[in-house]
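[1] Provided below are the primary sequence and the corresponding predicted coordinates.
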Amino acid sequence: MAADYRFSFGPWNIHEGADPFGPAVRPRIEFAKKLAMYKQLGFDAVQFHDDDAVPDLEGLSPAEITKKAAEVKKMLDGEGLVAEFVAPRLWENPKGIDGGYTSNCPECRRWAVERTFRAVDIANALGTNMLVFWLAREGTYVRESKNAIQAHQHLVDAMNQVLQYDKKITIAIEPKPNEPMDHAYLPTIGHALAIAARTVDPSRVGGLIETAHALLAGLDPSDEMAFALSMGKLWSVHLNDQNGLKFDQDKTFGAANLRAAYNQVRVLELGGYPATGRFVGLDVKAMRTQKAESATRHLANSRTIFLALVEKVRSFPKDVERQCIADRDYEALELAVIQHLLGK
Ligand code: 3MF
Ligand code: MG
């Protein structure tokens, strides 16, 4: 059984269906109702943005924020859930319009770090020591608009302040090459871990790899995961799928490229991921066409597909693999993989 994997998602993955071209098509589900769905869907952990846990936190004092987050912890306890991470949502605030940590405006950079301190407070109140940095607007539309060399130093400075603010907090960087920006800083896990190595405590900075983000960078998500695993730095994943180079689709895991999904599961198996105790996050979005009553299917389905692929990886004939590799007959290996996936 593949029961050794534990799964997580964020409340944003249950969504009303608004897109850049049209409004919501499903009623809003309140946070407490979403929490009640986690276990039913087969999930054990919740991923948070800071303001998923504490809405409108900008108007609150640090003490009020911590108090509200402690109330959310009680709700989690009540559902038998844990918090996996907290991600500071810098990209919706006017002060983050040009990026937070890499903004050209010193006051905005200060705000971004302060807001991240509050995310640390929330993480502590929720009982997790992990922040996720998805660096949404840390990049440019116009290359001449920032000094990119300086911007990377700003990222190191911001991380250092956060690592010093709390000696137990860890940061998982979620790389993405573009969208919303034309080009983003830290587009791949290689960039992320190179920056991690420059911080005051590299042991507390790692990565979260999202399938779609790696594909948008033109890379194979399984190799991105392997790179992080080889350094003990794969601290979470956002599995989903993506149909080519376009907007970030967050499709159901395995829905566009089953072979690539198989390889992501294979690398998690090879890397002993379940034994690390880390969660398998599914950053998937319901299609806008989905009716309200079945708009959580994408989550349950992604998990089902993941678990089916774990079985596929574990049941692949190892002797065939060994023989093909010994013979350097990779055509035979490829056919064996495809036939195994086809159930032949
Ligand atoms: C954007 C993402 C984000 C991050 C989330 C947590 C909305 O492409 O993938 O999901 O995963 O902000 O870091
Ligand atoms: Mg993501």
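    Cool, got the structure. Ligands and ions are numbered 1, 2, ... in the order given.
[2] residue numbers of the protein in contact with ligand 2?
    Neighbours of ligand 2 within the chain, by Cβ under 5 Å from the ion: 210, 238, 283. Bear in mind the C-beta positions are built from the backbone N, C-alpha and C, glycine included.
[3] does stretch 97-106 reach ligand 1?
    No: Stretch 97-106 stays out of contact with ligand 1 when judged by Cβ under 6 Å from any ligand atom, the minimum separation being 13.1 Å.
[4] right, I mislabeled it, should have said stretch 292-311
    No: under the criterion of Cβ under 6 Å from any ligand atom, stretch 292-311 makes no contact with ligand 1; the nearest approach is 14.0 Å.
[5] how about that stretch: buried residues?
    Buried residues in stretch 292-311, counted by 16 or more other Cβ atoms under 10 Å: 295-303, 305-307, 309-310.
[6] export those residues to TSV and tack on pLDDT?
    Below are the buried residues of stretch 292-311 laid out as TSV (pLDDT from 0 to 100):
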residue	pLDDT
295	97
296	98
297	98
298	98
299	98
300	98
301	98
302	98
303	98
305	98
306	98
307	98
309	98
310	98
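[7] among those, name the ones in strands.
    Of these, none are assigned to strands by DSSP state E.
[8] could I get those in a markdown table, plus columns for distance to residue 272?
    Formatted as a markdown table, the buried residues of stretch 292-311 follow (distance: Cβ to Cβ, whole Å):
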| residue | distance to residue 272 |
| --- | --- |
| 295 | 34 |
| 296 | 30 |
| 297 | 30 |
| 298 | 28 |
| 299 | 25 |
| 300 | 26 |
| 301 | 26 |
| 302 | 22 |
| 303 | 20 |
| 305 | 21 |
| 306 | 16 |
| 307 | 17 |
| 309 | 17 |
| 310 | 13 |
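[9] picking that back up, what about the residues of the chain next to ligand 2, which are in helices?
    Judged by DSSP state H, helices contain none of the residues of the chain next to ligand 2.
[10] show me where the stretch 101-250 of the chain has its helices.
    For the stretch 101-250 of the chain, applying DSSP state H, counting those that start in this stretch gives helices covering 106-126, 148-165, 189-196, 211-216, 221-230.
[11] pick the most buried one from these.
    helix 211-216 (a mean of 26; mean count of other Cβ atoms under 10 Å).
[12] please identify the buried residues of the strand or helix carrying residue 65?
    Secondary structure assignment for residue 65, by DSSP states H and E: helix 62-79. By neighbour count on 16+ other Cβ under 10 Å, the buried set for helix 62-79 is 65, 66, 68, 69, 72, 73, 76.
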